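Undergrad: only geometry, no sequence info:
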């Protein structure tokens, strides 16, 4: 077995292991040629998805996790969800927050206390793509309203940091269907430090190179080829 085959086998095993245990980095031993072994670091897909998205700790805290994600990974200002949550909860309508979660107004006030000017704009997604700045948006999935961070846009794919499910890519048409408010909540006084469409974010949602993974020569012997008159 050559090195490429060994690494492919390791990757497949890593994918299987990722579904069998909790999200954590680990190493696996891959036997090599001539009795040698290789230790390959592996990361479960679940862990990888939360590498640049902060997981929400409570059912109603997607807003605080989204703000923490925005500051930590899109503006390079490390911020914990606990810090955002405590500030917005103490200074907000606590009964309403427990019932409905945080609002954009809660987020605006918190960001203002940190020197960020943020507002909601009713604009098409293309404007965000042109400005190259991240945004917090409210989507509706399975009947639930949920805050996520738009981390990037690439053609017909939108990359979001979802505090409940991690970083993931959605088809643009699907995203625009579930983003029914049409509001983009963006920081507009730090555009020079905003990070958008980072390769490290997209790494957990690559476009599958299906055509390069199939040896199509073998299909000739599997299906009946269609010949034209010039093939006779």
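TA: Received it, and whenever you're ready, just let me know what you need. Owing to the predicted nature of the structure, the values given are computational and were not obtained by experimental measurement.
Undergrad: please list the outside residues in contact with the biggest strand by length in the chain.
TA: The residue-count maximum for a strand in the chain (DSSP state E) belongs to strand 144-154. For strand 144-154, the surrounding residues in contact (Cβ atoms under 8 Å, 6 or more residues apart in numbering) are 52-53, 62-63, 65-66, 69-70, 73-74, 101-102, 125, 128-129, 134-140, 158-164, 167, 172, 184, 196-198, 201-202. Backbone N, C-alpha and C define where each C-beta goes, glycine included.
Undergrad: which residue ranges of the protein form helices?
TA: For the chain, applying DSSP state H gives helices covering 3-18, 45-49, 62-69, 81-91, 94-100, 104-113, 125-131, 172-178, 199-202.
Undergrad: so which of those helices comes closest to residue 189?
TA: With Cβ to Cβ as the criterion, residue 189 lies closest to helix 104-113 of the helices of the chain, at 9.8 Å.
Undergrad: so which other helices or strands are in contact with that closest one?
TA: Counting contacts by 3 or more Cβ pairs under 8 Å, 6 or more residues apart in numbering; DSSP states H and E, helix 104-113 packs against helix 62-69, helix 81-91, strand 118-122, strand 135-141, strand 183-187.
Undergrad: relative to helix 81-91, how tilted is that helix?
TA: 110 degrees (axes from the mean of the first three to the mean of the last three Cα atoms, to 10 degrees).
Undergrad: before we move on, back to that, which of the helices and strands packed on helix 104-113 sits most buried?
TA: helix 62-69 (a mean of 28; mean count of other Cβ atoms under 10 Å).
Undergrad: give the rounded mean pLDDT of that one.
TA: For helix 62-69, mean pLDDT rounds to 98.
Undergrad: again, but for stretch 98-118
TA: 96.
Undergrad: now that stretch: buried residues?
TA: Neighbour counts over stretch 98-118 (16 or more other Cβ atoms under 10 Å) mark 101-104, 106-108, 110-111, 116, 118 as buried.
Undergrad: what do you get for stretch 148-162?
TA: Neighbour count says stretch 148-162 has 148-153, 157-162 buried, by 16+ other Cβ under 10 Å.
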